[in-house]
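Asks: Using only what follows, build the 3D model:
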Amino acid sequence: MLLLALADNVDSRVFPILRRLEDVKLVPGSPQTVLITADAVCRVRIKVVEADEIGHRLQTEQDEDVLLIVNAVLDDDAAAMLEDANARYIDATGRRWLRGGARTKRSSETATGKGKRRLYAASIRLAQLLADHPDEPWTERGLARRGQTTQTTAHRLLGRLEGEGLLLREGRGPKTQRLVRDPFAMRSWLARRARPRKVTRLTCFVEDPGRPRAAAGRALALTGAAGAAAIGMPVLTQEMIRTLRVSARPEELEDVPGALGGFRTERGFNLILIADPDRLAFVDAVDGPDGWLLAPPSRIMLDLFLEPRGAAAADVFLNLWGREERS
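Replies: Have a look, this model is predicted:
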């Protein structure tokens with residue numbers, strides 16, 4: 001648990017970023033801004049930064065008393081870069097580093113298995129945006145900002161996709177834009193490369209599932225087969241169990257069933273919850289027609305791999321999605 005006593009002149013953007021983090025308590029109206037942990041009490045100056053501002057911030061300002069509030073979801077490389085510069089930070093998911101803490105190991109982009117490089121969460125969010133909005137011209141900076149990650153991550157992914165013939169390049173320098181050559185090919189690539197492998201999930205029974213958008217301070221997004229049906233691309237004919245992604249770390253998932261008025265059970269469940277600390281379902285989520293918060297189509301497709309008929313259901317969805325694009 002962290003406590004931040006905030007002075008009146010603190011950047012107001014701090015509040016919407018940190019208030020959704022249950023282990024960070026904010027106390028406004030303090031004479032000065034103070035960070036309080038179990039081990040220390042220290043004065044800090046708050047700086048709110050977007051993901052694509054991190055590199056510039058480290059080059060121009062490295063004051064010892066700054067605490068960066070990062071309005072994005074940091075990947076391992078960006079987190080390690082901040083820590084190497086001895087910069088304290090808290091990101092939008094609660095990931096943090098304070099001096100003296102264990103440092104993040106940089107992720108490896110080297111080949112594994114059959115030589116296909118893994119896609120890490122930050123790159124998956126970006127690839128989802130490309131798959132969901134193939135008609136948009138994307139700059140590195142624009143894609144990084146929309147996907148809540150660093151411009152370096154966007155540069156790396158766009159270069160990879162361009163090398164694999166999935167993107168067209170227009171222009172030069174910072175204003176260079178990329179366009180998706182073939183929406184179906186881009187979405188098929190995403191289905192192959194970003195199929196979920198390890199997730200934390202639990203099943204529960206809720207007396208009245210209703211249309212919850214939040215519980216226990218966490219956002220909820222409808223995904224999978226129920227999400228596909230909600231956007232008019234059903235992949236199953238029988239009654240389906242709703243799958244919700246939860247903007248929570250795995251250890252926080254246990255609190256959600258009770259907050260929904262239900263309980264965890266492996267028998268007779270009517271709701272599946274998936275921990276989504278990397279906010280894969282929430283970047284570009286939309287309001288559904290029935291009151292649900294809906295994950296974007298790309299995430300709905302990928303989460304079908306976690307449900308019965310997995311690959312077959314994802315394939316049906318992919319074909320329906322392609323048909324809608326062509327109509």
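
Asks: how about low-confidence regions in the protein?
Replies: For the chain, applying pLDDT under 70 flags the ranges 55-63, 106-117, 237, 323-327.

Asks: What residue spans form the domains of it?
Replies: 2-97, 118-193, 201-326 (automatic domain parsing).

Asks: between those domains, which gets nearest to residue 105?
Replies: Closest to residue 105 of the domains of the chain, according to C-beta to C-beta: domain 2-97, at 6.7 Å. Yep, even glycine has a C-beta here, placed from its N, CA and C like the rest.

Asks: rewinding a little: got CSV for the domains of the chain, with distance to residue 105 and mean neighbour count too?
Replies: As requested, the domains of the chain are exported to CSV (distance: least, C-beta to C-beta, whole Å; neighbours: other C-beta atoms under 10 Å):
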stretch, distance to residue 105, mean neighbour count
domain 2-97, 7, 17
domain 118-193, 13, 19
domain 201-326, 17, 19
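
Asks: Residue 18 versus the residue positioned nearest the centre of the chain, what's the distance?
Replies: What sits nearest the mean C-alpha location of the chain, by C-alpha atoms, centre = their mean, is residue 279, with 2.3 Å. Plainly put, residue 279 is 15 Å away from residue 18 if you go by C-beta to C-beta, to the nearest Å.

Asks: Format the domains of the chain as a markdown table; extra columns: distance to residue 103.
Replies: Below are those laid out as a markdown table (distance: least, C-beta to C-beta, whole Å):
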| stretch | distance to residue 103 |
| --- | --- |
| domain 2-97 | 5 |
| domain 118-193 | 18 |
| domain 201-326 | 19 |
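
Asks: Quick one, which of these gets closest to residue 104.
Replies: domain 2-97 (4.3 Å).

Asks: quick one: terminal-to-terminal distance for the closest one?
Replies: Start-to-end span of domain 2-97 (C-alpha to C-alpha, to the nearest Å) is 12 Å.

Asks: chain center to that domain, what's the gap?
Replies: How far domain 2-97 lies from its chain's middle: 19 Å, per C-alpha atoms, centre = their mean, to the nearest Å.

Asks: try stretch 306-322
Replies: 22 Å.

Asks: Provide the contact partners of it at residue level.
Replies: Defining contact as C-beta atoms under 8 Å, 6 or more residues apart in numbering, one finds that stretch 306-322 is touched by 183-184, 187-188, 191, 196, 199, 201, 224-225, 228, 233, 235-236, 243, 274, 297, 300-302, 304-305.

Asks: Give me the three-state assignment for the residue nearest to the centre of the chain.
Replies: coil (DSSP: H, G, I helix; E, B strand; the rest coil).

Asks: Can you name the residues that contact it?
Replies: When contacts are counted by C-beta under 8 Å, 6+ apart, residue 279 touches 73, 92, 93, 125, 148, 247.

Asks: Spatially, which two of the residues you listed are the most separated?
Replies: Greatest spatial distance among the contacts of residue 279 (C-beta to C-beta): 125 and 247, at 13.1 Å.

Asks: Restricting the selection to alpha carbons, write the longest helix along the chain to CSV.
Replies: Ranked by residue count and defined by DSSP state H, the top helix of the chain is helix 310-326. C-alpha atoms of helix 310-326 as CSV (Å, rounded to 0.1, in the frame of the first residue of the first chain):
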residue,chain,number,x,y,z
GLY,A,310,-11.5,-22.3,-29.6
ALA,A,311,-9.7,-22.2,-33.0
ALA,A,312,-12.9,-23.1,-34.9
ALA,A,313,-14.9,-20.3,-33.3
ALA,A,314,-12.1,-17.8,-33.9
ASP,A,315,-12.0,-18.9,-37.6
VAL,A,316,-15.8,-18.3,-37.9
PHE,A,317,-15.4,-14.9,-36.4
LEU,A,318,-12.5,-14.0,-38.6
ASN,A,319,-14.5,-14.9,-41.7
LEU,A,320,-17.6,-12.9,-40.5
TRP,A,321,-15.4,-9.9,-39.7
GLY,A,322,-13.9,-10.1,-43.2
ARG,A,323,-17.3,-10.3,-44.8
GLU,A,324,-18.5,-7.2,-42.8
GLU,A,325,-15.4,-5.3,-44.0
ARG,A,326,-16.2,-6.1,-47.6
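
Asks: how far out from the middle of the chain is that helix?
Replies: Worked out by C-alpha atoms, centre = their mean, helix 310-326 lies 23 Å from the chain centre.
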